[in-house]
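got a predicted structure plus its sequence, pasted below:
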Amino acid sequence: GVEPSVVVGHSQGEIAAACVAGGLSLEDGARVVALRSRLVLERLAGHGGMMSVSLPVERAEQLLAEYAGRVSAAAVNSPGSVVVAGDPDALDELQAVCEADGVRARRVAVDYASHTAHVEAIEAELLEALAPVKPQSGTVPFYSSATGGFIDTATMDAGYWYRNLRGRVGFEPAVRALLDHGAGCFLEMSPHPVLTMAVE
């Protein structure tokens, strides 16, 4: 019975948000989840990693400059927390640097690097697999953490879902924008509410 005034998703959570907004049918939402996950498992798993770092994005990017594209900022979750992703050995080095500097850095339990250049390896296959997806204009406003603005969900075709997986997640800017547009109550709908603290 909860009727949201606006929805926002984080990474794969945008798929659920698009379904809630009326932009994707349940069948198309399931298609995006299943086929994207299969390609990640078959093509990207075992070649990367992700790590949560308790730093503002600007400070994190200063650290990442030394890794010459081997690690990049994958998600900006809050004013003081980012997720970085990339090559496993580079993440190990970065984690050691963070720990030496007293910065909290915790590896995420995945072996791939979403929201980085690693995803470019599956671009053509993902576009082909998701070509049948038929988005439509939804009935609930949708704020995209992939593009950084309100969008018409009718534009959420295969190309959008590739950009969603390849580009940086701007969750913190999305929450800030929703606050600026009058949002006052946020509900995190997920199997494990890891973003509640980020929203707070």
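Structure's in. What do you need?

helix, strand, or coil at Ala85?
Three-state call for Ala85 (DSSP: H, G, I helix; E, B strand; the rest coil): strand.

contact partners for it?
Counting by Cβ atoms under 8 Å, 6 or more residues apart in numbering, Ala85 touches 48-51, 71-72, 74, 91, 113-116, 118. For the C-beta atoms, the positions are set from N, CA and C on the backbone; glycine is no exception.

mind redoing it with 7 Å?
Gly48, Gly49, Met50, Val71, Ser72, Ala74, Ala113, Ser114, His115, Thr116 (Cβ atoms under 7 Å, 6 or more residues apart in numbering).

can you put the residues you listed in CSV and add distance to Gly184, pLDDT and secondary structure?
Listed next are these as CSV, based on distance: Cβ to Cβ, whole Å; pLDDT from 0 to 100; DSSP: H, G, I helix; E, B strand; the rest coil:
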residue, distance to Gly184, pLDDT, secondary structure
Gly48, 38, 97, coil
Gly49, 37, 98, strand
Met50, 31, 98, strand
Val71, 36, 97, strand
Ser72, 33, 96, strand
Ala74, 29, 98, strand
Ala113, 35, 97, coil
Ser114, 31, 96, coil
His115, 29, 97, coil
Thr116, 34, 97, coil
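
got a winner among the residues you listed for most neighbours?
Within the contacts of Ala85, Val71 tops the neighbour count with 28 neighbours, counted by other Cβ atoms under 10 Å.

excluding its backbone neighbours, what's nearest it?
Once flanking residues are discounted, Val71 sits nearest to Gly86: 3.5 Å by Cβ to Cβ, 6 or more residues apart in numbering.

what about Lys134, which helix or strand?
Using DSSP states H and E, Lys134 sits within no helix or strand.

can you count the residues close to it?
13.

mind checking pLDDT for it?
On pLDDT, Lys134 comes in at 98.

what about the closest residue to it other than its chain neighbours, distance to Val6?
Nearest residue to Lys134, sequence neighbours excluded (Cβ to Cβ, 6+ apart): Asp28, at 6.3 Å. According to Cβ to Cβ, to the nearest Å, Asp28 and Val6 sit 21 Å apart.

alright, I will stop here.
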